[in-house]
Structures are given as C-alpha cells and as structure tokens.
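A.B. asks: fold the following for me, if possible:
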Amino acid sequence: MTTTLERSMGVSGLVIHYVTSVVGVGILILPGHAAAEAGPLSLLAWALLILYSYPLALTFARLSAQYPSASGIACFVSTGIAPRAGRWVGAFLVLSLLIANPVLGLAASRYLLNMWDPNPSDLKVVVLGFAIMVGSVLFNLFGVKTSSFVQGAVLIALVTFLVVVMAIAMPSADSANLTPFAPHGWSSVGAALIVCFFGFIGWENAAPVAEEVVDPRRTFRKAIALAVFVIGFLYLTMAATIVLVVPPGAAEGSQITAFTTLLRIVSGETLARVGGIVAVVLLLLATNAWVLGTSRMVYSSARSGLLPAALTKVSARRNVPYVALLSLIAGYGVPVGLLVLTGSSEERLITATSAAFLLIFLVTFVAAHRLLTGRAARLCNIGVAIGAAAMLPFFGTSLIYAGVLMLLALAMVFRKNAAIQCCC
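C.D. replies: Next up is the predicted model:
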C-alpha cells in the first residue's frame with residue numbers, strides 16, 4: 001500500500017472540478033429558493049455574491065498554490081495560526097462537509113422523483129438521496145483520472161443544454177414579475193444571502209486536491225480566471241431567468257425543483273422531464289466532486305492523527321484513499337438519519353451548512369493574513385474577511401447549528417494528544 005497521491009490534474013481538470021463543485025451545488029437548487037425568500041430582490045443577493053466570489057476564490061487559489069496539501073484549509077490554519085487550531089478547523093470542516101454533501105444527493109433525488117410525483121414524500125427523497133450518495137462514493141473508487149474524464153465530457157453537454165434552455169425561456173420573460181421588487185421587504189435580502197451563500201461553497205474545494213495538481217502556481221492562476229467567469233455567468237443568468245419567467249407563487253412548495261417548473265411553463269411537460277434528467281445528471285456530477293474533496297479531507301485528517309490511521313490507506317492500483325471514501329457512507333448516514341427522525345427536508349441542511357462555512361472561512365482569512373505575501377494579496381484577503389463578517393448578522397439561528405458542529409470538532413481535537421501535528 002502507498003499513502004502518497006499522484007500529481008495528475010491540469011488546468012482543464014481543475015476548471016472542471018471548480019465548475020462542478022460550485023455551479024452544480026447551486027444553479028438548479030437555489031435560484032427558486034432564493035426567489036421565494038426575497039422575490040426579484042434575490043437578484044441583488046446573487047450579484048453581490050458573484051462579485052464576492054472572485055476575491056474569495058483568488059484567496060483560496062493563492063493559499064492552495066503556496067501550500068499544496070490534501071489538508072486544504074486545515075493546513076492553512078495550522079501553518080498560519082497554530083497546529084491545534086488547524087486540527088480543530090479540519091475536524092469542523094469534515095463535519096460540515098458530511099452535512100453539506102447529502103444536500104446534493106437529496107436534491108438529485110427530489111428532481112428524479114418529481115418526474116412522476118410533483119410532491120414526493122420527504123422519506124422517499126431521503127432514502128433515494130442516500131442511495132445516490134453511496135453510488136457517488138463507489139464511483140470515486142475508480143480514481144481522479146476516470147472521474148475527471150467523465151465529468152468533463154458530460155459537463156460540456158450539460159452546460160450547453162442549460163444555456164439553450166435559458167435562451168429558449170427568456171423570450172417568455174415578463175418584466176411585470178419584477179414588481180414589486182422587494183415583496184417581503186428590503187431586509188429579506190439577508191434571507192436570500194443565506195440561501196445563495198450555499199451556492200458559493202465549493203471555491204475552497206480545490207484545496208484538498210492541491211497535492212494532485214500539476215504545477216499548482218501556474219495551474220491555479222489560469223484555472224481560477226476561467227472558472228469565475230463561467231460560474232458567474234451561469235449563476236446570474238439562471239437566477240434572472242427564474243425570476244423573469246416563473247410567476248410569483250408558481251413554484252410554491254417546490255422551490256428546489258424550480259428548473260423543471262421553468263421548463264414546464266415555457267415548453268410543456270415533455271421538455272420538463274428532459275430537464276429533470278439533465279438536472280439529475282448535473283447534480284450527480286457535483287455530488288461526485290464534493291465526495292472527492294471530502295474523502296481527501298478525511299484522508300488528511302487521518303494522516304495528521306485526528307482520525308484512525310486506517311483511513312490513510314491508498315489503493316496502489318487506482319491511487320485513491322479507498323478507506324476514507326468508504327467511511328463517508330457511514331458519515332452521510334448520520335445527517336440523513338436525523339432528517340428522517342425529525343421529518344425535516346434538505347433546506348435545514350442548507351442554512352446550517354452556510355453558517356458553518358462562513359465561520360470556517362473567517363478563521364481561514366485570519367490565517368491567510370499571516371501566510372500571504374504581497375500587498376495585493378493581503379488587501380484581497382482583508383476585503384473577503386470584511387465581507388464575510390458583514391454577512392454574519394443575516395445568519396441568525398443558523399449559527400446555533402454551526403456552533404454545535406464547532407463544539408463537536410473541539411471534542412474531537414481535545415481527545416487527541418496535544419503533540420499531534422497537522423501534516424502539511
């Protein structure tokens with residue numbers, strides 16, 4: 001057995017990883033949900049976060065290029081603040097990802113079931129969603145090269161389809177849907193920000209695979225510019241299409257599957273079913289990318305001593321941390337099981353995840369202030385830190401869920417010997 005990962009991901013592979021991590025997370029799940037929270041005002045939330053995403057992604061790209069490690073954020077915090085802080089953030093991030101990842105599988109499940117039943121029960125959605133997560137784990141066992149090739153080929157076709165759908169739908173746009181612009185009051189932009197923020201989780205997802213990136217400094221620099229342009233265009237265009245074409249209240253109760261509602265309005269039931277299939281495939285791609293990143297976080301946490309050493313085993317044939325991957329099945333089972341017990345939907349996981357990642361990003365920006373060199377890099381980092389702090393008041397009770405995860409992460413760290421060092 002080996003515990004060293006191979007550098008095999010180039011610019012195209014990293015761009016694919018970015019796009020599937022970020023766009024796949026939100027473009028089909030969140031626009032309808034954000035519109036339900038704030039109406040046309042949600043477009044302002046999308047625009048603000050798209051502008052924010054460039055310096056955010058640039059900060060993570062600089063850190064990843066300077067400190068390429070499967071530990072990702074945990075390595076940055078460990079190096080910039082202290083090893084124990086790095087272990088805590090690593091544990092916090094792993095717990096947050098275990099809650100965030102199933103959102104994609106559950107959304108894919110909801111889209112799939114929606115083709116036959118417009119109002120599937122939450123139990124059906126959860127059971128099928130968990131099965132999708134298990135399938136993604138098994139797919140990742142084939143390795144990064146196989147996964148990147150499949151994602152690249154399918155992603156090009158799917159993005160093309162999305163652009164065509166938006167082009168077909170826009171002639172049906174009605175400017176009357178923009179009135180009133182803030183139907184729930186201007187303060188509702190805060191609720192929309194919470195929803196939209198989940199869509200921009202994923203920019204940090206390249207950090208855990210940095211050890212597998214060829215020539216990190218050059219590759220990250222080129223990939224980030226292209227990825228930000230593509231992602232920003234797709235997000236804002238889809239959000240505007242939903243707001244302008246789908247009448248207020250038309251997606252009531254099915255905000256997460258607003259994409260098929262859009263297709264149903266402009267082209268009828270047949271194309272809506274085709275769109276549902278496309279949505280499922282795109283969400284599966286995003287799920288695959290997130291499972292890949294999360295498995296590397298589990299692998300690196302085990303390598304640092306925070307988790308059992310057995311999780312560091314890497315397949316000699318496929319060069320993947322297969323034990324870390326398989327452990328995710330049990331990890332995803334916890335939040336999915338809690339949804340079943342409480343009768344909740346994936347929307348509860350969305351807000352909890354957004355709050356947790358906002359806190360994680362703030363700690364990372366503190367570390368980045370000590371690690372990054374150059375005036376431009378430091379100013380960029382200060383800007384994203386101020387932006388993240390300004391969003392905190394909007395998260396309200398969601399911060400309580402994030403606080404619970406923080407305490408669990410602290411418990412994990414303090415159970416370990418204080419001499420354990422983060423492996424960067």
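A.B. asks: every contact and neighbour count from this point should use C-alpha atoms.
C.D. replies: Noted.
A.B. asks: can I get the helix or strand where residue 382 lies in PDB, CA atoms only?
C.D. replies: Using DSSP states H and E, the element containing residue 382 is helix 375-391. Extracted in PDB, the C-alpha atoms of helix 375-391 (Å, rounded to 0.1, in the frame of the first residue of the first chain):
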ATOM      1  CA  ARG A 375       0.300  44.000  -0.700                       C
ATOM      2  CA  ALA A 376      -2.400  43.000  -3.300                       C
ATOM      3  CA  ALA A 377      -2.800  39.500  -1.800                       C
ATOM      4  CA  ARG A 378      -3.200  40.900   1.700                       C
ATOM      5  CA  LEU A 379      -5.700  43.600   0.600                       C
ATOM      6  CA  CYS A 380      -7.700  40.900  -1.200                       C
ATOM      7  CA  ASN A 381      -7.800  38.800   1.900                       C
ATOM      8  CA  ILE A 382      -8.800  41.700   4.100                       C
ATOM      9  CA  GLY A 383     -11.600  42.500   1.700                       C
ATOM     10  CA  VAL A 384     -13.100  39.000   1.800                       C
ATOM     11  CA  ALA A 385     -12.700  38.900   5.500                       C
ATOM     12  CA  ILE A 386     -14.700  42.100   5.900                       C
ATOM     13  CA  GLY A 387     -17.400  40.800   3.500                       C
ATOM     14  CA  ALA A 388     -17.700  37.600   5.500                       C
ATOM     15  CA  ALA A 389     -18.000  39.400   8.800                       C
ATOM     16  CA  ALA A 390     -20.700  41.700   7.300                       C
ATOM     17  CA  MET A 391     -22.800  38.700   6.400                       C
END
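A.B. asks: from the contact counts, what lies against it?
C.D. replies: Under the contact definition 3 or more Cα pairs under 8 Å, 6 or more residues apart in numbering; DSSP states H and E, helix 375-391 sits against helix 42-66, helix 346-371.
A.B. asks: the last one vs helix 375-391, what angle?
C.D. replies: For helix 346-371 against helix 375-391, the angle between stretch directions is 150 degrees (axes from the mean of the first three to the mean of the last three Cα atoms, to 10 degrees).
A.B. asks: same question for helix 346-371, mean pLDDT?
C.D. replies: Average pLDDT, helix 346-371: 90.
A.B. asks: so what secondary structure elements neighbour it?
C.D. replies: Using 3+ Cα pairs under 8 Å, 6+ apart: helix 346-371 touches helix 42-66, helix 73-80, helix 83-114, helix 189-198, helix 375-391, helix 398-414.
A.B. asks: what does the first one give?
C.D. replies: Here helix 42-66 touches helix 189-198, helix 216-245, helix 346-371, helix 375-391, going by 3+ Cα pairs under 8 Å, 6+ apart.
A.B. asks: pull out the buried residues from the second one.
C.D. replies: Using 16 or more other Cα atoms under 10 Å as the test for burial, helix 216-245 gives 216-217, 219-220, 223-224, 227-228, 231-232, 234-245.
A.B. asks: same thing with the shortest one?
C.D. replies: Within helix 189-198, the residues that count as buried by 16+ other Cα under 10 Å are 189, 190, 191, 192, 193, 194, 195, 196, 197, 198.
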